[in-house]
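>>> What follows is a protein structure lacking sequence information:
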């Protein structure tokens, strides 16, 4: 790229104006109010001030973003490309100000204008481009990549509608569109010059090239344009600002004048609407054939556009693909982007004219795959017929990959026919399917789990054949979280207290929290710790009152389970225990119970009947328990609707107890458990996912473990598990099931919650009843322990002090060292540092 003298002068002048101060921030806000938003003093609202402030902060981000991209362009380092169908970003304003060290400057600027920064930030919509832990992990990783000055680039989709807004009406979940872009998005940069064509359908013909080589030619019948929107992600205390590029689908034909001129106005825009539906909604319901097609189109649009972009960037400096693997590692965040493997093969063979073997060698040197599930039913598959119809050339390539792999695997004596069948990309049968996880493993040089137990289960249970022949591929990278969002931003009071004792080094190195151990038994420090917890509980108590009308006791145990609703996460076990407590009070109204507020939150997939019924059951129990005079407020049940990142940031600091109670062997890792513990909540959980490593770090005496272990779950199922027998030998469970069966929580309607009753009584796939007695006993111990506030506070402090391992910075450093081989690239020192008051 040639930069002429005029360009040099222009950029030199802009660089001279970059100094950031309270005055320059004020000027930027005023400028954007008038010239970007077109406002004046008579019609300016607080929401306008939020937008103008965001644009002012974005100006600072773009300065650093441009410096970063210029350095990458000059130095041409190896980059990691992180492909994820989800990025659950939440809000950007405050996190960006903290990372860039300008929070205090912006706070002062707004105060000078007469505005409260805490009120202003509430106008920001959550960027809900994810469904749960997978998307939030991706967002944390982007933050850490920039903070650690690692050359990184994220790719995803710019959904017009994010994860739905959840309303609760008569106890039922009602899904409403989340039009998060309705007021515009000041954080994105629309790259009108970055557009790639993505193709679908058609047929493939084999032709002979002038050199005598047989080549496949795909003749697609539908094309869509992928348009780039860039979302700069600033790091903490560094200039490095990496890019998250989100693709939006746009029709290659905006408008059909022929149809319009003949009066068919709907048909005139039909193609445009069909094309743009691809990036319209996060995770369309795939219960229908059209839903499946749309979902696969989403995955391919993201994969194809991203790979075209990566290849385009590489070819600016290289004439061959000999060094591609030295300049790029492509990390697949779960199987959603795994269609990228045949897509890269298509690009290399059909467009770049490489032979199969060198193209495959390149593929298997650049792709790395992160698995996020141990549940066989959750491993993604697509019907062969669907891929053949939508992406015929890719299905040919998948068949060829599989054929070559199976032929090689047959030469390995240790593999049985059953092993080969399980390892095949193609699942044979009446309705043949493509196993996307198998495709990802075969096409990648690295396969990692996200917690130690999870990785061992991948090796021994989920993919034993692959591990047998490719042990070197498998490795563990335990998940982590960005403490800059989930401690510093979410819990400024606690952050300030920690800073007063151990300084600020923990912000960049979470292991420095270990220094807090010296204060674990300090009564004065404990008193301050508990006071902050109470203040945070008062904040969430007001939110509960405003959203649900329930008044809660801030002196009670705030017992919290907030996460995506799924049967294996066992929100149902939690609410069954609440009903069990309720039956105890029914039997003895004078029973002494340590007051407890049970707080639930989370969304169920729109098509997931049982998860939605569990939400309804929780709300039904809440309605009965909260209004029973005999209970007298000793227990309260609250369901907080529309769980999202910004709400979670208020819940974590207020929590006393964190419920991490999935069936052992079902949760890959979990990251909510880490966010709770980082804010001083104690964990009650099974030996599942990252719970195990958390317990090892904080100490078993500071952790509440219950339930069957993974091997015990397997043994019980192998020997024949009979859930009804667990009910018959437990009097409390008998009372609970009687209430459900008699319609006690449904105004006498026996049918409403019978599916829950029967599901547990006859099947209980996730073994709630097998763990119920152990769970009830540990909950009793928790109540007793909570009364000893000195001991409880000590446990809380030690939980925080020992959370250093669970920073996403540590996770990303391990990825960079062990998998990506990406090195730190320092750009320059920032001019401001975030002050912790």
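Thanks, I have it. The model shown is predicted, which means the values in this text are computed figures rather than measured ones.

>>> Residue 468 is in contact with residue 416, isn't it?
No: Residue 468 is beyond contact range of residue 416, at 10.2 Å (criterion: CB atoms under 8 Å). Every residue, glycine included, has its C-beta placed from N, CA and C.

>>> Pick out whichever of the two has more residues nearby.
Neighbours were counted for residue 468 and for residue 416 using other CB atoms under 10 Å; residue 468 has more, 15 against 10.

>>> Wasn't the more buried one part of a strand?
No: with DSSP: H, G, I helix; E, B strand; the rest coil as the criterion, residue 468 is assigned helix and is not in a strand.

>>> mind listing what it touches?
Residue 468 makes contact with 414-415, 419, according to CB atoms under 8 Å, 6 or more residues apart in numbering.

>>> of these, buried ones?
415, 419 (16 or more other CB atoms under 10 Å).

>>> min pLDDT across the contacts of residue 468, which one?
Within the set of the contacts of residue 468, pLDDT is lowest for residue 414 (88).

>>> how far away is residue 441 from residue 466?
Residue 441 sits at a distance of 5 Å from residue 466 (criterion: CB to CB, to the nearest Å).

>>> Give the residues shared as contacts by these two.
Common contacts of residue 441 and residue 466 (CB under 8 Å, 6+ apart): 447, 473.

>>> Could you dump the contacts of residue 468 into CSV with secondary structure and distance to residue 181 added?
Listed next are the contacts of residue 468 as CSV, based on DSSP: H, G, I helix; E, B strand; the rest coil; distance: CB to CB, whole Å:
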residue, secondary structure, distance to residue 181
414, coil, 53
415, coil, 50
419, helix, 48
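
>>> Phi, psi for residue 219 please.
When read as degrees, to the nearest 10, the backbone of residue 219 gives phi -110, psi 80.

>>> ok, back up a step: of residue 441 and residue 466, give the one with the bigger neighbour count.
The residue with more neighbours, out of residue 441 and residue 466, is residue 441; 26 against 22, by other CB under 10 Å.

>>> so that one sits right up against residue 463, yeah?
Yes: Residue 441 is within contact range of residue 463, at 6.4 Å (criterion: CB under 8 Å).

>>> where do the contact lists of those two overlap?
With CB under 8 Å, 6+ apart, residue 441 and residue 463 have common neighbours residue 447.

>>> who's in contact with the closest residue to residue 164 other than its chain neighbours?
In space, residue 164 comes closest to residue 175 once its chain neighbours are excluded; the distance is 4.2 Å by CB to CB, 6 or more residues apart in numbering. Applying CB under 8 Å, 6+ apart to residue 175 gives the contacts 164-167, 606.

>>> Same check on residue 437?
Residues near residue 437 by CB under 8 Å, 6+ apart: 335, 338, 371, 379-380, 463.

>>> same check, this time on residue 733
Contact analysis of residue 733 by CB under 8 Å, 6+ apart lists 576, 580, 726-727, 769, 772.

>>> Surely it is in a helix?
Yes: counting by three-state DSSP, residue 733 is found in a helix.

>>> so how far is residue 144 from it?
For residue 733, the distance to residue 144 - CB to CB - is 44 Å.

>>> Verify the contact between residue 641 and residue 166 for me.
Yes: with contact defined as CB under 8 Å, residue 641 counts as touching residue 166 (5.3 Å).

>>> just to revisit the earlier point, tell me the bridge partners for the residue nearest to residue 164.
Beta-bridge partners of residue 175, counted by DSSP bridges, are residue 166.

>>> what about it, distance to residue 543?
Remark: distance between residue 175 and residue 543 (CB to CB) = 21 Å.

>>> before we move on, what about residue 349?
Note on residue 349: its distance to residue 543, by CB to CB, is 56 Å.

>>> higher neighbour count, the two?
Set side by side, residue 349 and residue 543 show more neighbours around residue 349, with 20 against 15, by other CB under 10 Å.

>>> Just give me the neighbour total for the closest residue to that one other than its chain neighbours.
In space, residue 349 comes closest to residue 359 once its chain neighbours are excluded; the distance is 5.2 Å by CB to CB, 6+ apart. Using other CB under 10 Å, residue 359 has 21 other residues around it.

>>> For residue 161, give me its contacts.
Counted by CB under 8 Å, 6+ apart, residue 161 has contacts 177-180, 280-282.

>>> Buried subset of those residues, written for PyMOL?
This is how PyMOL selects the buried members of the contacts of residue 161, with burial counted by 16+ other CB under 10 Å:
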select buried, resi 178+180+280+281+282
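
>>> As a markdown table, the contacts of residue 161 with pLDDT and distance to residue 538 would be great.
As requested, these are exported to a markdown table (pLDDT from 0 to 100; distance: CB to CB, whole Å):
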| residue | pLDDT | distance to residue 538 |
| --- | --- | --- |
| 177 | 94 | 33 |
| 178 | 94 | 29 |
| 179 | 93 | 32 |
| 180 | 94 | 29 |
| 280 | 93 | 40 |
| 281 | 91 | 37 |
| 282 | 89 | 34 |
